[in-house]
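In: missing the sequence, but the structure's below:
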């Protein structure tokens, strides 16, 4: 039984990948929709919330946890790994491995929330892995609200202008690999790819899901349960955009502040 | 001692108005920066959070409360008024009175968060006040993240496109009055005024502050204390944009979940 959590809906992109890789695995997902977003909040608050998220998933008997949230992965992972004895996988290491494998030029850009960029976690690990890399970072604070409001079409002028505002500096450079350091960002992939053609986009949720699935047999009956800290109906209505399937009847409310 | 609260920073526009109207009044402000925004969340969650906000302010000994948050004012005000015996003033009635006074054409538009528009509170009261009014509503979910990220300049193409997306339908109509139903929106006034020239924009925080100050003598020493549910340093850094002054040394953290 794998536990997955995120500040909101973005982690569902990882659920989709795990489901594809291990159709028989049973999953428990927690989305902190009552306190979303995390990426604009302080380190202390992010750590406090993430510890509660892990405590809740453990109460459900999970034997491994995927931190689908880029903000938590970059800001709180080592704290969470000390909190529990089960494996806790974040998105940073899997994404950095994939980026190092993908780059030919040695120039990598990292996109993330304010908290993720503030942490420096991606460039720190990338340079540990390969000191000769050139790593560029860019906070993209408008991307999460754009995705949550469905402003992701590649012909949408607001989506295009926001992508240009953050990423124009990477045009016509030798950057050939971009880490999408937040699970919301893959929904803007087409717009980003239009501005930076030929660049490899690293989907952090997908890479982390692959690592989590390594060495697991995926025994189970393929069930999925979803828990949220705000109204389940609102989650059901929005989940389809990330998951491509209906989760009606599988979503419950949890008072996360009590964990 | 007046208490003011908001989901985050927006209510500081009301603080500024109260300070201008009653320089001697003592103020306590609470911004729920650890759980911001409210406007995308469910009715049940908004009510739960707002009740905690009121309980906290009461613990500080306030004798009146201004609900600066449009989302709480439209979704939870009557619940809050039952919770306490002190006056609790929201933004809806003051803003509607100002709009009814301002309109000559009898056509009014209301802008707000998803939760505010879902509530129907503004059109319900406007039509109670004057049944012949024509009231139009528009949810503007991108406005809060734009303001919080400082994307408010009238020449900023993203700000302009977002305003056009929501408000183009009001161009070349007989609408002459627009209620800015969220305390963040006045920071986009210039962009809105450019698209809808000659229209009266109703600042809800200002109108509510005026009503709260009526009949008060404003005795006190003009102190202000600020409490937030996330890092005070982040609040201090951003507050200047709303308040036009430095609040360093006046801001404390509060664990709002405990109220």
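Out: It's in. No experiment lies behind these values; they were computed from the predicted model shown.
In: from here on, contacts and neighbour counts on C-alpha atoms
Out: Noted.
In: helix/strand/coil for residue A:186?
Out: The three-state label given to residue A:186 by DSSP: H, G, I helix; E, B strand; the rest coil is helix.
In: I'd like to know how far it sits from residue B:222.
Out: Remark: distance between residue A:186 and residue B:222 (CA to CA, to the nearest Å) = 50 Å.
In: those two: which is more packed in?
Out: Neighbours were counted for residue A:186 and for residue B:222 using other CA atoms under 10 Å in any protein chain shown; residue A:186 has more, 24 against 14.
In: burial of the residue nearest to residue A:223 when sequence neighbours are not counted, as a residue count?
Out: Leaving aside its chain neighbours, residue A:223 sits nearest to residue A:26 (4.8 Å; criterion: CA to CA, 6 or more residues apart in numbering or on different chains). The burial count assigned to residue A:26 is 20, neighbours taken as other CA under 10 Å.
In: give me the mean pLDDT for the helix or strand residue A:208 falls within.
Out: Element membership of residue A:208 [criterion: DSSP states H and E] is helix A:204-213. Per-residue pLDDT values over helix A:204-213 give a mean of 95.
In: can you list the buried residues in stretch A:192-201?
Out: Across stretch A:192-201, burial judged by 16 or more other CA atoms under 10 Å in any protein chain shown covers A:192, A:195-196, A:199-201.
In: show me where chain A has helices.
Out: A:12-21, A:43-59, A:70-75, A:77-83, A:92-102, A:114-119, A:121-129, A:143-148, A:157-167, A:189-195, A:204-213, A:232-243 (DSSP state H).
In: got the angle between the last one and helix A:12-21?
Out: With axes from the mean of the first three to the mean of the last three CA atoms, to 10 degrees as the basis, helix A:232-243 and helix A:12-21 are set at 60 degrees to each other.
In: the longest one now?
Out: Helix A:43-59 and helix A:12-21 are oriented at 30 degrees to each other (the same axes, to 10 degrees).
In: buried sites along helix A:43-59?
Out: Applying 16+ other CA under 10 Å to helix A:43-59 flags A:43, A:45-47, A:49-58 as buried.
In: same question for the last one.
Out: Residues of helix A:232-243 classed as buried under the neighbour-count rule (16+ other CA under 10 Å) are A:232-233, A:235-236, A:238-239, A:241-243.
In: from the buried residues of helix A:43-59, which is closest to chain B?
Out: residue A:45 (6.2 Å; CA to the nearest CA).
In: surely the closest one is in contact with residue B:234?
Out: No: the criterion here is CA atoms under 8 Å, and residue A:45 misses it with residue B:234 at 11.7 Å.
In: nearest the geometric middle of chain A, what residue?
Out: residue A:183 (3.1 Å; CA atoms, centre = their mean).
In: check what pLDDT it gets.
Out: Taking residue A:183 on its own, its pLDDT is 91.
In: which other helices and strands does the helix holding residue A:208 contact?
Out: Contact analysis of helix A:204-213 by 3 or more CA pairs under 8 Å, 6 or more residues apart in numbering or on different chains; DSSP states H and E lists helix A:12-21, strand A:64-67, strand A:88-89, helix A:92-102 as its packing neighbours.
In: okay, now residue A:172: neighbour count?
Out: 9.
In: just the pLDDT at it, thanks.
Out: pLDDT, residue A:172: 95.
In: contacting residues for it?
Out: If you count contacts by CA atoms under 8 Å, 6 or more residues apart in numbering or on different chains, residue A:172 has none.
In: do the same with the one 10 residues further on
Out: For residue A:182, the set of contacting residues under the criterion of CA under 8 Å, 6+ apart consists of A:10, A:69-71, A:111-113, A:204.
In: out of those residues, who has the most neighbours?
Out: residue A:71 (36 neighbours).
In: who's in contact with it?
Out: Neighbours of residue A:71 in contact, by CA under 8 Å, 6+ apart: A:38-39, A:46, A:112-113, A:115-116, A:182.
In: quick check: residues of chain A near chain B?
Out: Residues of chain A lying near chain B by CA under 8 Å from any CA of the partner chain: A:33-37, A:41-42, A:44-45, A:141-142, A:145-146, A:149, A:157-158, A:161-162, A:230-231, A:234, A:257.
In: so who does the closest residue in space to residue A:177 that isn't next to it in sequence touch?
Out: Spatial nearest neighbour of residue A:177, excluding adjacent residues (CA to CA, 6+ apart): residue A:200 at 4.6 Å. Applying CA under 8 Å, 6+ apart, we find residue A:200 in contact with A:102, A:176-178.
In: look at residue A:200 and report its pLDDT.
Out: 98.
In: over to residue A:217?
Out: 85.
In: one more: the one 3 residues further on?
Out: Residue A:220 carries a pLDDT value of 92.
In: contact partners for it?
Out: Counted by CA under 8 Å, 6+ apart, residue A:220 has contacts A:1, A:24-26.
In: buried ones only from those, please, as a PyMOL command.
Out: Buried residues among the contacts of residue A:220 (16+ other CA under 10 Å), as a PyMOL selection:
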select buried, chain A and resi 1+24+25+26
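In: just to revisit the earlier point, pLDDT added to the buried residues of helix A:232-243, as CSV?
Out: What follows is the buried residues of helix A:232-243, written out as CSV (pLDDT from 0 to 100):
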residue, pLDDT
A:232, 96
A:233, 95
A:235, 94
A:236, 94
A:238, 87
A:239, 89
A:241, 78
A:242, 81
A:243, 87
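In: which one is the residue in chain A positioned nearest to chain B nearest to, not counting chain neighbours?
Out: Nearest residue of chain A to chain B (CA to the nearest CA) works out as residue A:35 at 4.8 Å. Spatial nearest neighbour of residue A:35, excluding adjacent residues (CA to CA, 6+ apart): residue B:35 at 4.8 Å.
In: how about that neighbour, what does it touch?
Out: Counting by CA under 8 Å, 6+ apart, residue B:35 touches A:34-36, B:7, B:229.
In: let me know the closest of these to residue B:124.
Out: residue B:7 (23.6 Å; CA to CA).
In: and that closest one, how far is that from chain A?
Out: For residue B:7, the distance to chain A (CA to the nearest CA, to the nearest Å) stands at 11 Å.
In: residue contacts, the closest residue to that residue other than its chain neighbours?
Out: In space, and not counting its chain neighbours, residue B:7 is closest to residue B:32: 4.7 Å by CA to CA, 6+ apart. Taking CA under 8 Å, 6+ apart, we find residue B:32 in contact with B:5-8, B:53, B:228-230, B:256.
In: got it, and residue A:250?
Out: A:224-226.
In: please apply the same query to residue A:229.
Out: A:31-35, A:253-256.
In: contacts only, for the nearest residue to it once chain neighbours are set aside.
Out: Nearest residue to residue A:229 in three dimensions, chain neighbours excluded: residue A:34, at 4.7 Å (CA to CA, 6+ apart). By CA under 8 Å, 6+ apart, residue A:34 lies in contact with A:228-230, B:35, B:41, B:45.
In: now residue A:4
Out: Contact partners of residue A:4, counting by CA under 8 Å, 6+ apart, are A:11, A:15, A:27-30, A:57, A:65-68.
In: for the residue nearest to residue A:177, give its distance to residue B:20.
Out: Applying CA to CA, one obtains 54 Å for the distance of residue A:200 from residue B:20.
In: what of residue A:111?
Out: Counting by CA to CA - residue A:111 and residue B:20 are separated by 42 Å.
In: which one in chain A is furthest away from the centre?
Out: Chain A, farthest from centre, CA atoms, centre = their mean: residue A:172 at 27.4 Å.
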